[in-house]
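Novice: just a sequence and a predicted model for now, questions to come.
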Amino acid sequence: MVTETVDVVLIGGGIMSATLGTLLTELQPDWSVVAFERLGDVARESSNAWNNAGTGHAALCELNYMPEAADGSVDPARAVAINEQFQQSRQLWSTLVERGVLDAPSTFINAAPHMTFVRGEKDVAYLKRRFEALKDQPLFAGIEYSEDSRVINQWAPLLMQKRRKGEPFAATRVPAGTDVDFGALTHQLFDNLRARGVAVHTDTEVRGVTRQKDGTWLVKYRRTVGKAPGRIKARFVFVGAGGWALKLLQSSGIPEIKGFGVFPIGGQFLKTSNPAIVKQHQAKVYSTASVGAPPMSVPHLDTRVVNGEASLLFGPFATFSPKFLKQGRVTDIVSQVRPSNLGPMLKVAFTNVDLIKYLVGELAKTHHKKVDSLREFMPTAEDDDWTLIQAGQRAQVMKKDPEKGGVLQFGTEVVAAADGSIAGLLGASPGASTAVSIMFDLLERCFPDRREEWAPKLAQLVPSYGEELNADPDEAQASLERTAAALAIHP
């Protein structure tokens with residue numbers, strides 16, 4: 001069988017492959033690039049609009065990026081870092097809109113103020129400390145705080161209707177927050193890749209990746225329609241296949257993947273498109289997580305705009321499936337087991353009893369009980385106005401830890417071979433929102449000898465590349481204003 005050799009193979013048709021492909025075609029237009037997606041279209045898994053909450057994660061409202069220390073203090077460092085990463089995404093999207101690569105901004109991004117709403121004296125005191133720590137950070141300019149029911153009612157009326165009198169509550173609000181349709185964005189990026197000569201093969205499942213003597217990688221695939229096999233050789237391989245990235249990286253045999261496993265967690269949302277309800281809530285409102293709940297399960301009531309239609313989502317409610325993808329296989333959770341990761345995975349199981357209890361409790365919730373959870377946010381919620389939709393499948397990273405033996409990690413992690421010839425992405429949130437930053441990290445790790453050559457081109461795409469916006473108030477403000485104008489983000 002004759003085997004074609006290309007410069008780059010992208011495995012997976014989500015926002016990560018779309019972002020990396022976009023950067024590489026800008027940096028090296030002479031490189032040959034091929035992408036594979038096992039489903040019938042791109043953006044069908046985690047990047048699909050209904051498989052995520054569409055929050056442009058900038059740490060404006062998500063409390064898990066600023067946990068409270070034992071002494072009650074809060075450190076804004078990680079929240080600032082997440083915001084910096086999201087600003088890089090906004091800058092790239094702005095540049096691509098200005099160049100005509102992306103369609104009208106409203107097709108994939110819309111203004112949606114980001115809010116945090118808490119109840120009870122302890123949480124109110126924490127939120128006030130969080131606000132004080134953030135209000136002077138340049139990237140959080142404009143953040144507002146209130147304990148006044150009249151003010152919060154103006155921000156988000158559904159939160160305050162029939163609220164119990166005398167109950168302590170507080171909220172923060174950042175008017176410049178956004179709602180992002182990562183499915184639409186992914187489609188537009190792949191359309192541009194096709195126009196630039198990238199071969200995008202859908203209905204094609206990559207079955208294995210093997211290193212060759214000449215240093216290239218043999219990528220074996222099979223068409224899901226007709227089952228015809230095929231193979232291709234690549235000088236560089238990126239595995240952006242969600243939970244399946246683990247399986248493919250394991251097949252590659254690189255030592256860097258040893259000790260890694262993933263724990264699949266699904267999600268559901270309550271959704272309403274009732275215009276009378278939707279028009280009363282124009283924000284993404286996050287709160288505190290339940291005891292034992294993973295960060296991705298922090299409850300939030302969100303404005304969503306998909307295909308021009310506004311709706312509200314509430315959740316997520318955790319579900320469990322042994323599949324690593326929404327359309328994966330029930331054998332996924334077992335097929336990942338290796339001698340190198342069995343110990344860390346068992347350690348994670350024994351040290352995360354609260355998470356197991358949380359999942360069991362979530363699975364036992366009826367539709368009425370789920371709407372009861374919504375009523376803590378929205379006291380006037382009626383069961384019949386809300387329907388349950390299945391969200392995407394997240395594969396949380398389990399890995400070796402020198403001190404604990406094994407840990408469950410709620411973030412994203414790039415795993416790359418020592419020579420940089422293959423790399424993959426494991427993990428979940430903040431994920432899509434910080435795809436540009438994640439891909440910058442990957443480029444530096446996998447192509448260190450090209451860093452100096454590529455830096456000027458990357459700075460044209462993302463003006464703050466290599467800099468920290470938050471360190472310069474004037475630059476931060478200028479960037480926020482420029483991207484708001486380019487992306488038509490008008491609170």
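Specialist: Great, that's in hand.
Novice: and residue 119, what is it in contact with?
Specialist: Listed by Cβ atoms under 8 Å, 6 or more residues apart in numbering, the contact partners of residue 119 are 167, 168, 169, 376. Every residue, glycine included, has its C-beta placed from N, CA and C.
Novice: list the ones among the residues you listed that fall in helices.
Specialist: Members of the contacts of residue 119 lying in helices (criterion: DSSP state H): residue 376.
Novice: of the contacts of residue 119 - the most surrounded one?
Specialist: Most neighbours among the contacts of residue 119, by other Cβ atoms under 10 Å: residue 169, with 21 neighbours.
Novice: model confidence for residue 21, exactly?
Specialist: Residue 21 carries a pLDDT score of 98 in this model.
Novice: could you verify that it is part of a helix?
Specialist: Yes. Judged by DSSP: H, G, I helix; E, B strand; the rest coil, residue 21 forms part of a helix.
Novice: returning to that earlier point: what's the most distant pair in the contacts of residue 119?
Specialist: Within those, two members stand farthest from each other by Cβ to Cβ: 168 and 376, at 14.3 Å.
Novice: dump the residue contacts of the residue nearest to the spatial centre of the chain.
Specialist: Nearest to the geometric centre of the chain sits residue 431, at 2.8 Å (Cα atoms, centre = their mean). Contact partners of residue 431, counting by Cβ under 8 Å, 6+ apart, are 15, 46, 57, 412.
Novice: mind checking how far the nearest residue to residue 263 once chain neighbours are set aside is from residue 300?
Specialist: Excluding its sequence neighbours, the residue lying closest to residue 263 (Cβ to Cβ, 6 or more residues apart in numbering) is residue 396, at 4.7 Å. According to Cβ to Cβ, to the nearest Å, residue 396 stands 19 Å off from residue 300.
Novice: what of residue 259?
Specialist: According to Cβ to Cβ, residue 259 stands 33 Å off from residue 300.
Novice: hey, where'd the helices end up in the stretch 151-300 of the chain?
Specialist: Assigned by DSSP state H, counting those that start in this stretch, the helices in the stretch 151-300 of the chain fall at 157-160, 182-195, 244-252, 275-278.
Novice: between those, which one is nearest to residue 234?
Specialist: helix 244-252 (11.6 Å).
Novice: so what does that closest one touch, helix or strand wise?
Specialist: If you count contacts as 3 or more Cβ pairs under 8 Å, 6 or more residues apart in numbering; DSSP states H and E, helix 244-252 packs onto strand 204-211, strand 229-239, helix 332-335, strand 422-427.
Novice: now do 6 Å
Specialist: Packing partners of helix 244-252 (3 or more Cβ pairs under 6 Å, 6 or more residues apart in numbering; DSSP states H and E): strand 204-211, strand 229-239, strand 422-427.
Novice: list the buried residues of the second one.
Specialist: Spelled out, it's strand 229-239. For strand 229-239, the neighbour count (16 or more other Cβ atoms under 10 Å) marks 230, 231, 232, 233, 234, 235, 236, 237, 238, 239 as buried.
Novice: same question, stretch 190-210
Specialist: By neighbour count with 16+ other Cβ under 10 Å, stretch 190-210 contains the buried residues 190, 191, 192, 193, 198, 200, 201, 202, 204, 205, 206, 209.
Novice: what is the nearest of these to residue 308?
Specialist: Set against residue 308, the nearest of these by Cβ to Cβ is residue 191 (18.3 Å).
Novice: next one: the closest one from residue 184, what distance?
Specialist: 11 Å.
Novice: same question, residue 203
Specialist: For residue 203, the distance to residue 184 equals 21 Å [Cβ to Cβ].
Novice: average pLDDT for the helix or strand hosting residue 358, rounded please.
Specialist: If you go by DSSP states H and E, residue 358 is part of helix 353-363. Taken as a whole, helix 353-363 has a mean pLDDT of 81.
Novice: cool, stretch 3-10 as well?
Specialist: Rounded mean pLDDT across stretch 3-10 is 94.
Novice: any buried residues in it, and which?
Specialist: Burial within stretch 3-10, assessed by neighbour count using 16+ other Cβ under 10 Å, is assigned to 6, 8, 9, 10.
Novice: which helices and strands sit right next to the worst-scoring helix or strand of the chain on mean pLDDT?
Specialist: Every helix and strand of the chain was ranked by mean pLDDT, DSSP states H and E. The lowest is helix 353-363, at a mean of 81. For helix 353-363, the elements it packs on are strand 309-319, judged by 3+ Cβ pairs under 6 Å, 6+ apart.
Novice: same thing but 10 Å
Specialist: With contacts taken as 3 or more Cβ pairs under 10 Å, 6 or more residues apart in numbering; DSSP states H and E, helix 353-363 sits against strand 261-272, strand 309-319, helix 339-351, helix 367-377.
Novice: okay, buried residues for it please.
Specialist: Judged by neighbour count (16+ other Cβ under 10 Å), helix 353-363 contains these buried residues: 355, 358, 359, 362.
Novice: between that helix and helix 367-377, how many degrees?
Specialist: 110 degrees (axes from the mean of the first three to the mean of the last three Cα atoms, to 10 degrees).
Novice: centre of the chain to the lengthiest helix in the chain, how far?
Specialist: Looking across the chain with DSSP H, the single longest helix is helix 77-98. Helix 77-98 sits 13 Å away from the centroid of its parent chain (Cα atoms, centre = their mean, to the nearest Å).
Novice: what pairs with the following helix or strand past it, parallel or antiparallel?
Specialist: For helix 77-98, the following helix or strand on the C-terminal side (DSSP H and E) is strand 109-111. Partners of strand 109-111 in the sheet, by DSSP bridges, are strand 178-180 (antiparallel).
Novice: name the residues that touch the partner strand?
Specialist: Counting contacts by Cβ atoms under 10 Å, 6 or more residues apart in numbering, the residues outside strand 178-180 that touch it are 15, 49, 52-58, 60, 86, 89-90, 93, 105, 108-114, 282-284, 302-306, 310, 432-433, 483-484, 487, 489, 491.
Novice: redo that, cut-off 7 Å
Specialist: With contact meaning Cβ atoms under 7 Å, 6 or more residues apart in numbering, strand 178-180 is reached by 54, 56, 108, 109, 110, 111, 112, 284, 303, 304, 305, 489.
Novice: again with stretch 68-78
Specialist: For stretch 68-78, contacts defined as Cβ under 7 Å, 6+ apart pick out 65, 66, 126, 129, 130, 133, 134, 137.
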